[in-house]
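Chemist: model the following, please.
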Amino acid sequence: MVTRVNRKPQPAPAEPHVHGPGCDHDHDHHDHAPAEPYRRETPKLGRNDPCHCGSGKKYKKCHGA
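Modeler: Numbers count the residues shown, from 1 in each chain. Now for the predicted structure:
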(Lines give C-alpha, C1' and ligand atoms only; values in the text may rest on other atoms or scores of the structure.)
Protein backbone atom coordinates (compact mmCIF):
# COMPACT_ATOMS: atom_id res chain seq x y z
CA MET A 1 0.00 0.00 0.00
CA VAL A 2 1.32 3.41 -0.95
CA THR A 3 0.28 6.47 1.01
CA ARG A 4 0.69 9.91 -0.45
CA VAL A 5 1.69 12.74 1.80
CA ASN A 6 0.54 16.20 0.85
CA ARG A 7 3.38 18.57 1.55
CA LYS A 8 3.06 22.30 1.53
CA PRO A 9 5.64 24.03 -0.65
CA GLN A 10 8.41 25.55 1.44
CA PRO A 11 8.94 29.30 1.08
CA ALA A 12 12.18 30.32 -0.56
CA PRO A 13 14.89 31.14 2.00
CA ALA A 14 15.48 34.84 2.53
CA GLU A 15 18.77 36.26 1.37
CA PRO A 16 21.21 36.91 4.23
CA HIS A 17 21.59 40.53 5.30
CA VAL A 18 24.93 42.01 4.32
CA HIS A 19 26.19 45.05 6.22
CA GLY A 20 27.99 47.58 4.12
CA PRO A 21 27.84 51.07 2.68
CA GLY A 22 24.34 50.43 1.28
CA CYS A 23 22.93 49.28 4.63
CA ASP A 24 19.96 51.53 5.40
CA HIS A 25 19.16 50.72 9.04
CA ASP A 26 20.77 51.56 12.37
CA HIS A 27 23.01 49.10 14.22
CA ASP A 28 23.95 49.25 17.88
CA HIS A 29 26.89 46.84 17.66
CA HIS A 30 29.40 49.37 19.01
CA ASP A 31 27.41 50.23 22.15
CA HIS A 32 27.96 46.86 23.84
CA ALA A 33 30.97 46.17 26.07
CA PRO A 34 33.18 43.31 24.85
CA ALA A 35 32.49 39.99 26.55
CA GLU A 36 34.92 38.71 29.16
CA PRO A 37 37.08 35.84 27.85
CA TYR A 38 36.56 32.42 29.45
CA ARG A 39 39.22 31.67 32.08
CA ARG A 40 39.88 28.11 33.27
CA GLU A 41 40.35 27.54 37.00
CA THR A 42 43.01 24.88 36.32
CA PRO A 43 45.30 24.55 33.31
CA LYS A 44 44.05 22.35 30.48
CA LEU A 45 45.40 18.80 30.50
CA GLY A 46 47.35 17.80 27.42
CA ARG A 47 47.08 14.32 25.94
CA ASN A 48 50.61 13.44 27.05
CA ASP A 49 50.27 14.82 30.59
CA PRO A 50 49.85 12.39 33.51
CA CYS A 51 46.20 11.54 34.15
CA HIS A 52 44.41 13.49 36.86
CA CYS A 53 43.13 10.28 38.51
CA GLY A 54 46.61 9.36 39.78
CA SER A 55 46.96 6.07 37.86
CA GLY A 56 50.38 7.05 36.51
CA LYS A 57 49.22 6.56 32.92
CA LYS A 58 49.14 9.28 30.31
CA TYR A 59 45.78 11.04 30.04
CA LYS A 60 45.29 9.78 26.47
CA LYS A 61 45.64 6.14 27.61
CA CYS A 62 43.47 6.51 30.72
CA HIS A 63 40.55 8.97 30.82
CA GLY A 64 41.19 10.54 27.40
CA ALA A 65 40.29 7.36 25.50
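Chemist: every contact and neighbour count from this point should use C-alpha atoms.
Modeler: Noted.
Chemist: where in the chain is pLDDT low?
Modeler: For the chain, the stretches with pLDDT under 70 are 25-32.
Chemist: now the strands for it?
Modeler: Using DSSP state E, the chain contains no strands.
Chemist: geometric centre of it: which residue is closest?
Modeler: Nearest to the mean C-alpha position of the chain, counting by Cα atoms, centre = their mean, stands Y38 at 14.0 Å.
Chemist: next, the distance between the ends of stretch 44-56.
Modeler: End-to-end distance of stretch 44-56 (Cα to Cα, to the nearest Å): 18 Å.
Chemist: contact partners of that stretch?
Modeler: Contacts with stretch 44-56, where a contact means Cα atoms under 8 Å, 6 or more residues apart in numbering, come from K57, K58, Y59, K60, C62, H63, G64.
Chemist: among the residues you listed, the buried ones, what's the ChimeraX command?
Modeler: Buried residues among the contacts of stretch 44-56 (16 or more other Cα atoms under 10 Å), as a ChimeraX selection:
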select :58,59
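Chemist: can you tell me which of the contacts of stretch 44-56 is nearest V2?
Modeler: Using Cα to Cα, G64 is the member of the contacts of stretch 44-56 that sits closest to V2, with 49.4 Å.
Chemist: tell me who's in contact with the closest one.
Modeler: So G64 contacts R47 (Cα under 8 Å, 6+ apart).
Chemist: where's it relative to P43, distance?
Modeler: Distance, G64 to P43, by Cα to Cα: 16 Å.
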